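Colleague: Any chance you could fold what I've pasted below:
(2 chains, ligands or ions: 1)
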Amino acid sequence: MSIEQLSDGIFEVVTDDRKILATHNLYPGHSVYGERLMDVDGVEYRQWDPHRSKLGAMVLKGFDIPIEYDSHVLYLGAASGTTVSHVSDILTDGLVYAVEFSPRTMRDLIKLCDQRPNIIPILADANKPRSYAHIVETVDVIFQDVAQPNQAEIAALNSKYFLEDNGHLMLSIKSRSIDTVASPKKIFKDEVKKLESDFGVEFEVLQRKELDPFHEDHLGLLARMFVEDEE
Amino acid sequence: MKAVTWFGTLVISEDGNAEKCCLVEKDPEMLAEHMLLAVGNEELPAHGLDLRELAIGCGFVELEEDYDVLLREVCIRAAKRQISMTDTDDKRIIQAVEAMDDIDKAANELSERLTEWYGIYFPELELTAEPMARFVARFGSRENVPEDHDMFVRASSSMGAELSLVDEDLLRNFAASLCGIYDARKRLERYIMNNMGAVAPNLTNIAGAPLGARLISLAGGLEKLAAFPSSTVQVIGASNALFKHLRSRAPSPKHGVIFNHPLIKGSPWWQRGKMARALASKISLAVRMDAYGGKLDPSIKEKLERKVESIRKAHPEPPKKQSTKVTQPGPGRAGGRPVKKRGGQKKGGMNKGSKNTVDRSGGRPA
Ligand SMILES: C[S@@+](CC[C@H](N)C(=O)[O-])C[C@H]1O[C@@H](n2cnc3c(N)ncnc32)[C@H](O)[C@@H]1O
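Modeller: Just a heads-up that it's a prediction; the model follows:
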């Protein structure tokens, strides 16, 4: 087995017959969601299942992941932390604010936080950034996977509150939860338009791709935010 | 500008520095409390405040790392508090449902024993289960049955054996314990009725408390139930693995517990399959809302009612065509023995089968 680095903290473990997406395990000896642990030259890696993670799928679909080892990340829709755990692996000197609004799910997420010092759990509704504006600082990256019809609005609002100028927004867009018939192209266009509509923020779209075959009916979007000049 | 942050209330100057800092005591518990109280405060910082810098500027922490460590601890505490405040624990419902099943099993066994035992002394009684237990606990010997009681005539002309005082005492005690068990079952039922609304408001609204509770219990939790597709919801309780919870019920056919819902039981046989699908799909929807902490949304029930109406309108009559295969007695079905196996029957066979098939839906309501 050998290792290839794809971007900060993101690796592919190369075996004879395949490549396995992985991150460097921050909490060695422990698997989070039943994923495989692999030892390569005395370093432990955790397999990252792209079928269970939109971000993992985005990596394999060739997105330039803007998360660096010392980034501050706001993660909206953290669920029980499948993906957050990998983000936590990447952020060896950074922090992730993990927002989730289901108390039940948050219970699992807190267990994960107990093991990992760089996850800050916030039980709140991402529709209401005001309700955690006293907690979350300005961040470098917002990653959002909430699977809600108003996902573009949530992203824009949170970007406005928390994303630094030129910061990156990574968005998983669930097309089924918006419109069942429209083509992916049209959905993208509509969602980007919504992103830029009412909140005085503007985005430059850097990359956009469907997330199949890992996630059907999901689109990935990477954008950079500008703030409109106030006249 | 005044700004409320998780570590205190600040007055911030034009250039973004803190002019005044009113800090919360540096104790995680106090900070967590402040953090939760601050939500909804109008003076939360708007955009672009560097909380970390301000915390250091105010002397709240010395180093960035201290900020991270403290913030994380406080957030975990705050989230834990919020979770324990949201009283939506499905686990206690599961315990109550399973306790009810245990009780049914125990009560069945004990009441059979009592019937057999007391039958020696009063074979004409013809009461069973709870009424019998209440009767024995109250009167003991049939000689104690008063004249104005329904059973008086039978009691005085019974051909049963004499009951000695010692045996009577023993029997009454035994019956009284059994009554206690029936009482406990009623308390559990009430508990489920009273608590399901808080645990799963939408599920309860669609399925009713007893059935909703049973579904949660069979699935192993609200979240797990929410993860099932509605096609699975339709057959929950039918598979062997899940069957142990239902052991005390009548031998159940291949469909799930949702067939105990009045909407299905009360519909003519040819509508039942469609009703089951409609109900299962709305139950799925409701459960998902509940699992994500949703409030009661009456529109789900309204949609179900509309769907039910349209099924009734579209299928007022039984379908004409009858499958000859099923109506002719097959080789395995002669002799009135309980049918163990029927080759080739499909899960969704409810709506297509003959009356024979449908009549097997005799499970007791959950
Ligand atoms: C598709 S799951 C996210 C899975 C997760 N990103 C992962 O890969 O491990 C969507 C999550 O977003 C949460 N969610 C939906 N709407 C939300 C909101 N308005 N605020 C916060 N969380 C929300 C849901 O409770 C759910 O856990």
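Colleague: Within the helices and strands, which one has the residue most central in space within chain A?
Modeller: Centroid-nearest residue in chain A: A:Phe143, 3.7 Å away (criterion: Cα atoms, centre = their mean). In the assignment (DSSP states H and E), A:Phe143 maps to strand A:139-144.
Colleague: quick one: is the next helix or strand along the chain from that strand near chain B?
Modeller: Sequence-wise, the next helix or strand downstream of strand A:139-144 (DSSP H and E) is helix A:151-162. Yes. Helix A:151-162 is in contact with chain B by Cβ under 8 Å from any Cβ of the partner chain, via A:Lys160, A:Tyr161, A:Phe162. Quick note: C-beta positions are derived from backbone N, CA and C, even for glycine.
Colleague: Surely the residue nearest to the centre of chain A is in contact with A:Met170?
Modeller: Yes. The criterion here is Cβ atoms under 8 Å, and A:Phe143 meets it with A:Met170 at 4.5 Å.
Colleague: Give the residues shared as contacts by these two.
Modeller: A:Leu55 (Cβ atoms under 8 Å, 6 or more residues apart in numbering or on different chains).
Colleague: re earlier: for the residue nearest to the centre of chain A, list each beta-bridge partner.
Modeller: A:Phe143 has the following beta-bridge partners by DSSP bridges: A:Tyr75, A:Met170.
Colleague: what sits against it?
Modeller: Applying Cβ under 8 Å, 6+ apart, the residues near A:Phe143 are A:Leu55, A:Ile67, A:Val73, A:Leu74, A:Tyr75, A:Leu76, A:Thr83, A:Val87, A:Met170, A:Leu171.
Colleague: and the gap between it and A:Ala126?
Modeller: 12 Å (Cβ to Cβ, to the nearest Å).
Colleague: Give the intersection of the neighbour lists for those two.
Modeller: Common neighbours of A:Phe143 and A:Ala126 (criterion: Cβ under 8 Å, 6+ apart): A:Leu76.
Colleague: rounded to a whole number, what's the mean pLDDT of stretch B:16-28?
Modeller: The predicted model assigns stretch B:16-28 a mean pLDDT of 86.
Colleague: Span of it from start to end?
Modeller: End-to-end span of stretch B:16-28 (Cα to Cα, to the nearest Å): 26 Å.
Colleague: can you check stretch A:193-204 too?
Modeller: Distance across stretch A:193-204, first residue to last, is 11 Å (Cα to Cα).
Colleague: Check which element follows the lowest-mean-pLDDT helix or strand in chain A along the chain.
Modeller: The helix or strand of chain A with the poorest confidence is helix A:184-196; it has a mean of 80 (mean pLDDT, DSSP states H and E). Remark: after helix A:184-196, the chain's next helix or strand is strand A:201-210, criterion DSSP H and E.
Colleague: Would that next one count as contacting chain B?
Modeller: No. Strand A:201-210 lies apart from chain B when judged by Cβ under 8 Å from any Cβ; the minimum separation is 10.1 Å.
Colleague: and the angle for that strand with helix A:184-196?
Modeller: Interaxial angle of strand A:201-210 relative to helix A:184-196 (axes from the mean of the first three to the mean of the last three Cα atoms, to 10 degrees): 160 degrees.
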